[in-house]
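[1] sequence plus predicted model, see below.
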Amino acid sequence: MDGNKLKLTSSEIGTLWGEFVNGTMTDVVNRYMFSIIEDELIKAIFEVAIKTFEKQKQQIVDSMENEGFPVPIGFTDSDLFEGKPRLFTDIFCLNYLHVMTLHGLLGHSTSLGVSVRKDLRDFYDECDNDAKKMYHQTIELLLEKGNFQRDPLFYPAKNPEYVSSQDFIDGFFGKGRKLAATEIISISFNLKKSIMAKTLSIAFSQVAQTKEVRKFLTDSEKVSDGQIKTFSKIMQADNLPVPKSWETEVTTSTESPFSDKLMLYHIGFLAQASQNYHGAGLASAMRTDLVTTYESVILKNLMVTKKWFNLMVQNKWLEQPPLAPNRKEIAKEV
């Protein structure tokens with residue numbers, strides 16, 4: 001059987017839909033950042049990112065149209081207000097591209113994992129390879145500029161060891177053991193994601209045009225700040241460094257380069273994506289205090305997501321993904 005002639009499955013159309021909407025959102029931000037960046041090396045990487053998505057976008061559109069599915073609206077030039085003052089520094093833009101590339105790597109891998117058709121598998125392979133190249137480029141440039149934040153360093157033990165006591169899981173009242181390297185992976189990752197979400201919430205709240213969106217962004221900033229303090233406290237208790245904040249990389253501009261729809265969706269996207277990372281942290285946690293911390297953070301994120309959903313629907317900004325056929329409704333029409 002020709003793998004390219006198979007009909008798209010629900011999972012395959014779902015990944016194409018998500019890749020288009022999230023990709024067009026990031027592309028609008030990338031194009032704005034490209035317009036304000038002064039550093040030629042950073043600007044060159046953004047140019048590659050913009051051209052790469054332009055190619056990917058057309059392939060997504062072709063795949064959906066060939067199967068008769070409507071292409072999502074996503075985000076367009078109408079969500080970008082050109083000529084507005086600088087909202088971010090060059091270094092923040094580079095950090096933003098790095099973090100969003102990490103999201104892209106995860107998204108492409110998930111899409112590949114549910115794709116059966118050969119053309120889609122080839123497409124996501126190519127997307128993954130492009131994202132890997134971008135990942136290396138952003139890290140190399142951040143290192144070159146002295147702005148890449150590495151995770152804490154450990155010193156090697158003499159020999160491998162087995163867990164010898166039930167106290168290994170105790171993290172309360174100062175009696176517990178120190179953080180394991182496997183736990184720091186998620187803590188550090190979640191810290192960096194929360195710092196990015198807080199910084200964007202601050203920037204977007206400065207320029208949001210409507211009161212309700214501005215309030216949501218301000219509330220979102222507080223939630224992210226609470227998560228940063230929570231994870232930082234855990235790291236500092238073991239005398240481990242925490243990533244620096246990026247708030248000073250936001251200017252004082254109050255003129256928005258983006259639509260409220262895009263800014264609100266972007267923060268919601270980060271809140272939903274962070275649930276994956278919090279869930280991974282919960283799964284890898286072997287200390288009881290870490291387990292309760294992740295459970296609390298996940299619950300608070302769900303509350304943010306609920307408010308975000310209501311506000312998106314209220315403004316008619318939330319696109320509906322393809323749905324399974326409603327057999328009861330179809331039967332009524334017969």
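    That came in fine, so what should we check first?
[2] which helix or strand contains the residue nearest to residue 296 when sequence neighbours are not counted?
    Among residues not flanking residue 296 along the chain, residue 230 sits closest, at 7.9 Å (C-beta to C-beta, 6 or more residues apart in numbering). The C-beta positions use only the backbone N, C-alpha and C, and glycine is treated the same way. In this structure, residue 230 sits in helix 211-237 according to DSSP states H and E.
[3] what is the next helix or strand after that helix packed up against?
    Beyond helix 211-237 in the direction of the C-terminus, DSSP H and E gives the next helix or strand as helix 260-284. Contact here means 3 or more C-beta pairs under 8 Å, 6 or more residues apart in numbering; DSSP states H and E; on that basis helix 260-284 packs against helix 10-36, helix 90-113, helix 181-207, helix 211-237, helix 288-314.
[4] what angle do the shortest one and helix 260-284 make?
    Our comparison of helix 90-113 with helix 260-284, counting by axes from the mean of the first three to the mean of the last three C-alpha atoms, to 10 degrees, yields an angle of 70 degrees.
[5] so for the helix or strand following helix 90-113, what gets flagged as buried?
    Remark: after helix 90-113, the chain's next helix or strand is helix 118-144, criterion DSSP H and E. Buried residues in helix 118-144, counted by 16 or more other C-beta atoms under 10 Å: 119-121, 123-124, 127-128, 130-131, 134-135, 137-138, 141-142.
[6] for the stretch 101-250 of the chain, which spans come out with low pLDDT?
    Counting by pLDDT under 70, the stretch 101-250 of the chain shows low-confidence ranges at 167, 170-176.
[7] from residue 183, how far off is residue 283?
    11 Å (C-beta to C-beta, to the nearest Å).
[8] looking at the two, which one has more neighbours?
    Neighbour comparison, residue 283 and residue 183: the larger count goes to residue 183, with 18 against 10 (by other C-beta atoms under 10 Å).
[9] how's this structure carved up into domains?
    As given by automatic domain parsing, the domain ranges for the chain are 10-144, 170-314.
[10] right, so of the ones you listed, which gets closest to residue 322?
    Residue 322 lies closest, by C-beta to C-beta, to one member of the domains of the chain: domain 10-144, at 5.5 Å.
[11] mind checking how far that closest one is from the chain centre?
    12 Å (C-alpha atoms, centre = their mean, to the nearest Å).
[12] first vs last residue of that domain, how far apart are they?
    End-to-end span of domain 10-144 (C-alpha to C-alpha, to the nearest Å): 44 Å.
[13] about what we covered before: with distance to residue 77 added, can I get the helices and strands packed on helix 260-284 in JSON lines?
    Converted to JSON lines, these look like this (distance: least, C-beta to C-beta, whole Å):
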{"stretch": "helix 10-36", "distance to residue 77": "8"}
{"stretch": "helix 90-113", "distance to residue 77": "20"}
{"stretch": "helix 181-207", "distance to residue 77": "18"}
{"stretch": "helix 211-237", "distance to residue 77": "20"}
{"stretch": "helix 288-314", "distance to residue 77": "21"}
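[14] for residue 76, which of the ones you listed is the nearest?
    So among the helices and strands packed on helix 260-284, helix 10-36 is nearest, using C-beta to C-beta, at 7.1 Å.
[15] so which elements touch the closest one?
    helix 40-66, helix 90-113, helix 118-144, helix 260-284.
[16] show me the contact partners of stretch 51-70.
    7-8, 13, 16-17, 19-20, 23-24, 26-27, 30, 71, 119-120, 123, 127, 130, 134, 322 (C-beta atoms under 8 Å, 6 or more residues apart in numbering).
[17] in it, what's buried?
    Quick answer for stretch 51-70 (16+ other C-beta under 10 Å): 52, 53, 56, 57, 59, 60, 63, 64.
[18] how about JSON lines for the helices and strands packed on helix 10-36, with distance to residue 169 added?
    Listed next are the helices and strands packed on helix 10-36 as JSON lines, based on distance: least, C-beta to C-beta, whole Å:
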{"stretch": "helix 40-66", "distance to residue 169": "43"}
{"stretch": "helix 90-113", "distance to residue 169": "29"}
{"stretch": "helix 118-144", "distance to residue 169": "34"}
{"stretch": "helix 260-284", "distance to residue 169": "13"}
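[19] nearest to residue 247, out of these?
    Nearest of those (C-beta to C-beta): helix 90-113, 9.7 Å.
[20] just want the angle from the closest one to helix 10-36.
    170 degrees.
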